[in-house]
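S.K.: Predicted model follows, preceded by the sequence.
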Amino acid sequence: MQGNGRPLVPYLRQSRAKERTISIDEQRRDIARWADANGVTLAPEVVEQGMSGSKPWRERALGAAVDAELHRLGHDVKAPAKRAERRV
């Protein structure tokens, strides 16, 4: 697999600071190794520590990163309407 010229935004998350499944540093190392092996350029990473995956992604750093990239590409970024607002 070769990169397509667009940078990949690394997303690193760890629910709890003391979680031992895989550390942020291990995730970072593995992503960098994969990107290097596949000729992929990495953009600035998005790191969420102490963040539960059950919180909606748009309310986390991930949502801000996606919105920033969409804005950079010229897309109009709007927050999704809440159910009560859609009924009006």
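M.R.: Sure, I can see it.

S.K.: May I ask you to confirm that G74 belongs to a helix?
M.R.: No - secondary structure assignment (DSSP: H, G, I helix; E, B strand; the rest coil) places G74 in coil, not in a helix.

S.K.: can you pull the pLDDT of it?
M.R.: We have a pLDDT of 81 for G74.

S.K.: swap in P44?
M.R.: Value for P44, per-residue pLDDT: 87.

S.K.: measure A68 to E45 for me?
M.R.: To E45, A68 is 13 Å away according to Cβ to Cβ, to the nearest Å. No exception for glycine: its C-beta is placed from N, CA and C like everyone else's.

S.K.: And the strands in the chain, which stretches?
M.R.: 11-14, 46-49 (DSSP state E).

S.K.: can you put those in CSV and add distance to A61 and mean neighbour count?
M.R.: Below are the strands of the chain laid out as CSV (distance: least, Cβ to Cβ, whole Å; neighbours: other Cβ atoms under 10 Å):
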stretch, distance to A61, mean neighbour count
strand 11-14, 9, 18
strand 46-49, 5, 17
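
S.K.: As CSV, those with distance to N38 would be great.
M.R.: CSV is the format used below for those (distance: least, Cβ to Cβ, whole Å):
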stretch, distance to N38
strand 11-14, 17
strand 46-49, 19
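
S.K.: among these, which is nearest I22?
M.R.: strand 11-14 (7.8 Å; Cβ to Cβ).

S.K.: What strands flank the closest one, and is each parallel or antiparallel?
M.R.: When pairs are called by DSSP bridges, strand 11-14 turns out to pair with strand 46-49 (parallel).
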